[in-house]
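**Student:** Compute the structure for the input listed below.
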Amino acid sequence: MSWLLDAVNWMLLTLGDAAQWVWNDGLGYLGWLPASVARLVNPALAPLFTWINTAINAVAGVVLAPIGMMPGWLSNTIISAVTGVLLLIIFKYTSNQRAIGRVKDDIKANLLALKLFKDELSVTFQAQGRVFWGALRLLRHSVRPLLVMIVPVSLELAQMALWYQWRPLLPGEETLVTVKVAGEPESEMPAVRIVSLPGAEVAIGPVRIRSKREVCWEIRAGESGRHQIVFEADGQRIEKQLVVGDGFMPVSAVRPPRNWTAILLHPAEKPLAGDSVVQSITIDYPARRSWTSGTDWWLAYFFAASLLFALIFKPLLKVRI
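**Tutor:** A predicted model of the protein is given here:
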């Protein structure tokens, strides 16, 4: 019986330590809304995020402009440090600091009871229950700060992705441009063509994939700079930004449909009209190679660095997390 209690205690102590680690060191995100609910709220959220992106793009164009003049690791570190400290301050003033302190003290006391009275069955189970209850209370106290932080952090990450997730095309480099059109797979494809392609030339295409409702071109980049590709689809003229160059520049890979999640993730260009024949336009930009400011890795580095700076400044700002 003793070995069983030891095993249970070890497991619960480990879980208790893990729960406190998650609370102290982890940053959580709320999951996406179910698809049905997302469609329901889209008519309200799509124009709202379009308006928000317009304002944020103007501010980010000035605030994030220095990214293009410094190494990626340095710019990401500076952004992470500022974000970590700001989130720490937001957490302090949107959470119940006294209640969090009481819960953490209670968890520590019960973890100590598990160690001291591991042979007392009744004390052990009572302490175990209190540890689990304390972990749930900590999670409850995290809801309000997370709700406050999730939208601004998501908007910030979307702006950072324009810089770190992709790189511009190099002159002479080839890539794929894909236009997704509306309609059912069995219906006739609308006529889609490129009217103007400054800064590049068509190498192959158009290729129509009826089952996916896509029209594709392979293009070859030419002159460096920011250019506007002009498409025509059933009489509608639609533009998509193309970025060519070897510098550190923001890149918009997708002109999104009028869907609030797509608008949130791809903020640089206005979404397509709800009644547009074209649903989205995508350019397959190359991945940016870097452990600190490259494709996908920039996000892990951002969270790790933000967490580190938050922990450094936590005692200075007297925040209980």
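
**Student:** What's the per-residue pLDDT of the nearest residue to V251 once chain neighbours are set aside here?
**Tutor:** Ranked by CB to CB, 6 or more residues apart in numbering and with sequence neighbours excluded, the top spatial neighbour of V251 is W166, at 4.5 Å. Every C-beta, even on glycine, is put in place using the N, C-alpha and C of the backbone. Per-residue confidence (pLDDT) for W166: 95.

**Student:** One more: G68?
**Tutor:** So, for G68, pLDDT stands at 89.

**Student:** Please verify my assumption that it contacts F248.
**Tutor:** Yes: using CB atoms under 8 Å, G68 makes contact with F248 at a distance of 4.6 Å.

**Student:** who's more crowded, the two?
**Tutor:** Neighbour totals were compared for G68 and F248, and F248 leads with 18 against 12 (other CB atoms under 10 Å).

**Student:** helices or strands up against the helix or strand containing Y93?
**Tutor:** Using DSSP states H and E, Y93 maps to helix 72-94. Secondary-structure packing of helix 72-94 (3 or more CB pairs under 8 Å, 6 or more residues apart in numbering; DSSP states H and E): helix 121-164, helix 297-317.

**Student:** contacting residues for R288?
**Tutor:** G72, Y164, Q165, W166, R167, G294, T295, W298 (CB atoms under 8 Å, 6 or more residues apart in numbering).

**Student:** Show the pLDDT at S211.
**Tutor:** For S211, pLDDT reads 87.

**Student:** Same question for the one 5 residues further on.
**Tutor:** In this prediction, C216 carries a pLDDT score of 95.

**Student:** Whichever strand or helix holds it: how far from the chain's middle?
**Tutor:** In this assignment (DSSP H and E), C216 forms part of strand 214-221. From the chain centre to the centre of strand 214-221 is a distance of 27 Å (CA atoms, centre = their mean, to the nearest Å).

**Student:** Make residue 1 into 50 and carry on from there
**Tutor:** Sure, I'll start numbering at 50, so the last one becomes strand 263-270.

**Student:** what packs against the very next helix or strand once past that strand?
**Tutor:** Going down the chain from strand 263-270, the next helix or strand is strand 274-282, by DSSP H and E. Judged by 3+ CB pairs under 8 Å, 6+ apart, strand 274-282 is in contact with strand 223-230, strand 241-245, strand 285-293, strand 327-332.
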